[in-house]
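Participant: everything below, folded, please.
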Amino acid sequence: QVQLVESGGGLVQAGGSLRLSCAASGRTFRSYAMGWFRQAPGKEREFVAGISRSGGSTGYADSVKGRFTISRNNAKNTAYLQMNSLKPEDTAVYYCAASIVYYSARSGEYNYWGQGTQVTVSS
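Facilitator: Below you'll find the predicted structure:
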């Protein structure tokens, strides 16, 4: 069982930056690949970024490539999403998720989810 708690969301102007954190409970954090998803009002949840158990492999949605960076610190049981050059279309609730298999763009591949943190980008 893994519990995930996101933090770091907020209101930022376009062009600004935010760093999201996802703190995991338990001693098995390193056993899980991690992903970040987001859901805007009236839209489906979409994949943002994923990272392997060791952190050696990452993947990104085309819409965030070059602007967002996913990372993890297994000693601190925490995953991160650094978001730069934010745009109004990045406004959404951001969720972190853990997968026992591998990171995937498919939400159904993830076993545990956090409650989400709101990110609002003003123009």
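
Participant: contacting residues around residue 115?
Facilitator: 5-6, 95 (C-beta atoms under 8 Å, 6 or more residues apart in numbering). From N, CA and C alone the C-beta is placed, and that goes for glycine too.

Participant: can you say which of those are buried?
Facilitator: Among these, those scoring as buried are 6, 95 (criterion: 16 or more other C-beta atoms under 10 Å).

Participant: which pLDDT value belongs to the residue most central in space within the chain?
Facilitator: Centroid check for the chain by C-alpha atoms, centre = their mean gives residue 36 as the closest residue, at 2.5 Å. As predicted, residue 36 sits at a pLDDT of 98.

Participant: do the one 5 residues further on as well
Facilitator: The score at residue 41 is 92. That number is its pLDDT.

Participant: am I right that it sits in a strand?
Facilitator: No: the assignment for residue 41 is coil, going by DSSP: H, G, I helix; E, B strand; the rest coil, so no strand is present there.

Participant: just the CA trace of the helix or strand residue 34 falls within, in CSV.
Facilitator: In the assignment (DSSP states H and E), residue 34 maps to strand 33-39. Only the C-alpha atoms of strand 33-39 are listed here, as CSV (Å, rounded to 0.1, in the frame of the first residue of the first chain):
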residue,chain,number,x,y,z
ALA,A,33,7.5,3.8,-11.3
MET,A,34,5.8,7.2,-11.0
GLY,A,35,3.7,9.4,-13.2
TRP,A,36,2.2,12.8,-13.3
PHE,A,37,-1.2,13.4,-14.8
ARG,A,38,-3.5,16.4,-15.1
GLN,A,39,-7.2,17.1,-15.5
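
Participant: does anything pack onto that strand? Which helices or strands?
Facilitator: Packed against strand 33-39 by the contact rule (3 or more C-beta pairs under 8 Å, 6 or more residues apart in numbering; DSSP states H and E) you find strand 18-24, strand 46-51, strand 68-73, strand 78-83, strand 92-99.

Participant: so residue 55 touches residue 79, yeah?
Facilitator: No: judged on C-beta atoms under 8 Å, residue 55 makes no contact with residue 79 at a distance of 9.1 Å.
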